[in-house]
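Visitor: model the structure of this input:
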Amino acid sequence: MSAAYFILFIITFLSGSIPLWIKKLNDNAMQYLLAFSGAFLLSITLLHLLPETFEELGHKAGFYLLIGFFIQLMIQRVTHGVEHGHTHLHDHGHNHKHRIPIASIMIGLSVHAFMEGLPLGFNYRMETTEPALFLAIATHKLPESILVTSILLEATGHSKVKAALGLLGFSLITPIAGILANTLGTSYDTIANIVISLIPIVAGAFIHISTTIFYESGTRHHMLTWKKVTAILIGVALGLLILSFE
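Guide: Next comes the predicted model:
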């Protein structure tokens, strides 16, 4: 399992490093990547996480799911939706550098990244749930880390060193959260029970993120183009394919 956490860190850091070396990224490619990652994350949440958590918690899982959905709604107010591709932070005014609320954005994204890692530390009944969840979160990290670095670059006056250090810290959060949840959950029953309750909360956040991506990514008017639909369908198909191996 330690190897999986290391791979997740590497994927996050390397993908986030792209804006450090490429000044102008292809916006359309980013939007399709977001649509794919959102569809895949939603599929893994509905097909794997929810069956597991309802089996563990019964009807209470629905209550926690609702809490998670609205927690993510509040986090979005702090992050301005960076975690699901929304980057219109300064539509008005010209002094962009000082208009980006970088401290609040990074705090919100850190909370979001920590929440993402918690389900990785749970031992699931279905054999495919854990690797599927790792893959879904890693896929989500691809566009997310790119956007994080882009925001850091703009906020720091395009300082690559400061942006890289911020990216390094961000890349460590999700793996650390997973390791903590697994280690403490294995050692202490109380922590294990807390992790079980947190999983549907995180699942609710995932549902909010993925469905918002469907609306936010794409054309300026948020229309469903055939390319966007294709990206979404590929994400769903991959989620179903993984389920078939169970």
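
Visitor: low-confidence ranges, this protein, go.
Guide: 1, 81, 83-100, 216-224, 246 (pLDDT under 70).

Visitor: grab the most central residue of it for me.
Guide: With distances taken as CA atoms, centre = their mean, H140 lies nearest the centre of the chain, 4.9 Å away.

Visitor: host element of the closest residue to it other than its chain neighbours?
Guide: Leaving aside its sequence neighbours, H140 sits nearest to S37 (CB to CB, 6 or more residues apart in numbering; 4.7 Å). C-beta: built from backbone N, CA, C; applies to glycine. Per DSSP states H and E: S37 is located in helix 27-44.

Visitor: list of residues touching that helix?
Guide: Applying CB atoms under 8 Å, 6 or more residues apart in numbering, the contact partners of helix 27-44 are 84-85, 132-133, 135-137, 139-140, 142-143, 146, 206-207, 209-214, 216-218, 227-228, 231-236, 238-240, 242.

Visitor: need the buried ones from these selected in PyMOL.
Guide: Selection of buried members from these for PyMOL, criterion 16 or more other CB atoms under 10 Å:
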select buried, resi 84+85+132+133+135+136+137+139+140+142+143+146+206+207+209+210+212+213+214+216+217+218+228+231+232+235+236+238+239+242
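
Visitor: and the gap between the residue nearest to the centre of the chain and F54?
Guide: Counting by CB to CB, to the nearest Å, the gap from H140 to F54 is 23 Å.

Visitor: with just CA atoms, put the helix holding S37 into PDB.
Guide: Provided in PDB are the C-alpha atoms of helix 27-44 (Å, rounded to 0.1, in the frame of the first residue of the first chain):
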ATOM      1  CA  ASP A  27      -7.900  24.900 -22.400                       C
ATOM      2  CA  ASN A  28     -10.100  22.400 -24.400                       C
ATOM      3  CA  ALA A  29      -7.900  19.500 -23.400                       C
ATOM      4  CA  MET A  30      -8.100  20.500 -19.800                       C
ATOM      5  CA  GLN A  31     -11.900  20.700 -19.900                       C
ATOM      6  CA  TYR A  32     -12.200  17.200 -21.400                       C
ATOM      7  CA  LEU A  33      -9.800  15.900 -18.900                       C
ATOM      8  CA  LEU A  34     -11.900  17.400 -16.200                       C
ATOM      9  CA  ALA A  35     -15.100  15.900 -17.600                       C
ATOM     10  CA  PHE A  36     -13.500  12.500 -17.800                       C
ATOM     11  CA  SER A  37     -12.100  12.600 -14.300                       C
ATOM     12  CA  GLY A  38     -15.400  13.900 -12.900                       C
ATOM     13  CA  ALA A  39     -17.400  11.000 -14.600                       C
ATOM     14  CA  PHE A  40     -14.900   8.400 -13.400                       C
ATOM     15  CA  LEU A  41     -14.900   9.800  -9.800                       C
ATOM     16  CA  LEU A  42     -18.700   9.800  -9.800                       C
ATOM     17  CA  SER A  43     -18.800   6.200 -11.200                       C
ATOM     18  CA  ILE A  44     -16.400   4.900  -8.500                       C
END
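
Visitor: moving C-terminal of it, what's the next helix or strand?
Guide: helix 50-57.

Visitor: what's that next one packed up against?
Guide: Where contact means 3 or more CB pairs under 8 Å, 6 or more residues apart in numbering; DSSP states H and E, helix 50-57 is packed against helix 60-79, helix 189-216.

Visitor: hmm, who's touching it?
Guide: 61-62, 64-65, 124-126, 129, 196-197, 199-200, 203.

Visitor: and M126, backbone torsions?
Guide: phi -80, psi 130 (degrees, to the nearest 10).

Visitor: quick revisit: the contacts of helix 50-57, buried ones only, as a ChimeraX selection?
Guide: To isolate the buried members of the contacts of helix 50-57 in ChimeraX, using 16+ other CB under 10 Å:
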select :61,64,65,124,126,129,196,197,199,200,203
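
Visitor: with respect to F114, which of the contacts of helix 50-57 is nearest?
Guide: I199 (13.8 Å; CB to CB).
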